[in-house]
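Chemist: Next come a sequence and a model predicted from it.
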Amino acid sequence: MPNASEPRYALYYAPPAQSPLWRFGSAAVGYDAETGAEAQLQPLRRFDGERWREITAEPRRYGFHGTLKAPFRLAPGRNEAELREACAAFAAERAGFACPGVTLASLGRFLALRLAAPSAALDRLAAAAVAHFDGFRAPMSAAEREKRLRAPLSPRQQDHLARWGYPYVLEDFRFHMTLTGPLEDEERVLAEAELAEHFALSGADGPLIVREIALYRQEAGPFRLIARFPFGT
């Protein structure tokens, strides 16, 4: 059974640290996962600072990112040094690519950045990461599985959960970069307007350039970006 006190790891896409997209996303969620420092989206016109921190509490726990391999604890006998080596080897075998830019969108009850158009290259990268790193993933506990099954999952997503420890992979993968927690309709409209104004001024609307993967680790607090692994070409 996984030990809840053990670190969790995740393989993510993270924009370059000095890029407009990283600065916007980190400010939106209130946290820079690379430095560990707080960030702020200023000025807020429709919310006070306290309410905005409540709205963004969930994505702040994970840091700004796009998921490739969802959070997991290390399997027995595995360690972080081996995981880092595997990340470096995985990245070295890949070439960089460009995706369409991202746009602000609603995903159910929360807000996120989505690709303006699908990217087969990004889908392939995520599918490869899911399979390649699965040997590092400890099995889910019964409590973790039960929590996942509370969401309405299709039979295929239930199969993914059983096989890969996460339901939204492979055919069900939809790249996104989460900016808020779940919101009621009226507040979601206000939050979308707030984020849209900041995004329009951020300079973050260019193509998404994917040249590396990022390893995040969570211990006592939120996830931290602990290493970036550049692609070979």
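Modeler: Okay, I see it.

Chemist: Show me what counts as buried in the helix or strand bottoming out on mean pLDDT in the chain.
Modeler: Sorting the helices and strands of the chain by mean pLDDT, DSSP states H and E puts helix 142-149 at the bottom, at a mean of 87. Of all the residues in helix 142-149, those buried under the rule 16 or more other C-beta atoms under 10 Å are Glu144, Arg148. In short, each C-beta sits where N, CA and C put it, glycine included.

Chemist: helices or strands up against it?
Modeler: Counting by 3 or more C-beta pairs under 8 Å, 6 or more residues apart in numbering; DSSP states H and E, the packing neighbours recorded for helix 142-149 are helix 155-164.

Chemist: Off-centre distance for the helix or strand that comes right after the helix it packs on?
Modeler: Downstream of helix 155-164, the next assigned helix or strand under DSSP states H and E is strand 176-178. Between the centre of strand 176-178 and the centre of its chain there are 6 Å (C-alpha atoms, centre = their mean, to the nearest Å).

Chemist: ok, and what's touching strand 176-178?
Modeler: The contact list for strand 176-178 (C-beta atoms under 8 Å, 6 or more residues apart in numbering) reads 25, 29, 58-59, 62, 64-66, 102, 105, 107, 110-114.

Chemist: Surely Ala91 and Glu212 touch.
Modeler: Yes. Contact criterion C-beta atoms under 8 Å: Ala91 and Glu212 qualify, at 6.3 Å.

Chemist: Common neighbours of those two, please.
Modeler: Counting by C-beta under 8 Å, 6+ apart, the contacts common to Ala91 and Glu212 are Phe229, Pro230, Phe231.
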